[in-house]
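[1] this is a predicted model, with the sequence first.
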Amino acid sequence: MTIIYSHKPLKDREPSDFYPTPIELCVAALQVHPVVHLSCLDVGAGDGVWGDAFSRVHSRDLSHLTGIDVREDAKGSSFYDEWVLQDFMEYQGRHDFIFGNIPFRYANEFIQHSLDLLTDNGIILYLFRSAISESKKRYDMFYNNGHKPLYEYQSVRRISFTGNKKSDNTAYSIFIWEKKKDFGRETIKRWLDWEYEK
């Protein structure tokens, strides 16, 4: 039996697992790894909030930003150079930097496919529940095979995905992978302190 610890009622999960990330968190997350990337992909781009944050943090003159989403009602955004309406698991583009807030229930598949799409030494930056690191299956797939994350940035505040700054007790982290096998790598844990705009 699954137990979710919370004093607050949790709303039903969306069929597409779409939960818009606060722009303030997106900006803070993209600032922790401010490397110049040429070909970038926002997975599950939805309403374009990560694309907006990317444009605030990175020079658009030095990068090409693609947004991909499977939902026909995804709005896209003027922040993208290219918009792809497609199931990410069928997408075959190559990118230097892949990022976003992807469906937690498909985390294993999305991480593996993202690693396959990365150029050499490319970077993945994904927002996940912190509990993602607790899975033995996931550990064997991604942590114990030379692909441990470079960093885990623990969010110091709970995250609201409803736009009203209210949240439940779920903890979230930003995980950063590099496509460079290193069996001796140990993941560095840091904390991500960010604030909502007034």
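    Received, thanks. From a predicted model like this one, the values you see are computed outputs, not experimental measurements.

[2] from the chain's centroid, how far away is stretch 116-129?
    Centre-to-centre, stretch 116-129 and its host chain are 9 Å apart (Cα atoms, centre = their mean, to the nearest Å).

[3] could you do stretch 184-191 as well?
    On Cα atoms, centre = their mean, the centre of stretch 184-191 falls 17 Å from that of its chain.

[4] and it, end to end?
    23 Å (Cα to Cα, to the nearest Å).

[5] just the residues contacting it, thanks.
    32, 143, 146, 148-156 (Cβ atoms under 8 Å, 6 or more residues apart in numbering). In this view, the C-beta of every residue, glycine as well, is placed from N, C-alpha and C.

[6] likewise stretch 43-57?
    18, 20-23, 26-27, 29-31, 34, 40, 42, 65, 67-71, 74-80, 83, 88, 98-103, 110, 114, 126.

[7] pLDDT averaged over that stretch - what is it?
    Average pLDDT, stretch 43-57: 93.

[8] end-to-end on it?
    Stretch 43-57 end-to-end distance (Cα to Cα) = 18 Å.

[9] mind listing what's buried in the longest helix along the chain?
    The residue-count maximum for a helix in the chain (DSSP state H) belongs to helix 107-117. For helix 107-117, the neighbour count (16 or more other Cβ atoms under 10 Å) marks 107, 110-111, 113-115, 117 as buried.

[10] using PDB, write out every CA atom in it.
    What follows is helix 107-117, C-alpha atoms only, in PDB (Å, rounded to 0.1, in the frame of the first residue of the first chain):
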ATOM      1  CA  ALA A 107      11.100   9.000 -15.000                       C
ATOM      2  CA  ASN A 108      13.200   5.900 -15.900                       C
ATOM      3  CA  GLU A 109      12.200   5.900 -19.500                       C
ATOM      4  CA  PHE A 110      12.700   9.600 -19.900                       C
ATOM      5  CA  ILE A 111      16.100   9.700 -18.300                       C
ATOM      6  CA  GLN A 112      17.400   6.800 -20.400                       C
ATOM      7  CA  HIS A 113      16.000   8.300 -23.600                       C
ATOM      8  CA  SER A 114      17.500  11.700 -22.700                       C
ATOM      9  CA  LEU A 115      20.900  10.100 -22.200                       C
ATOM     10  CA  ASP A 116      20.600   8.500 -25.600                       C
ATOM     11  CA  LEU A 117      19.700  11.900 -27.200                       C
END
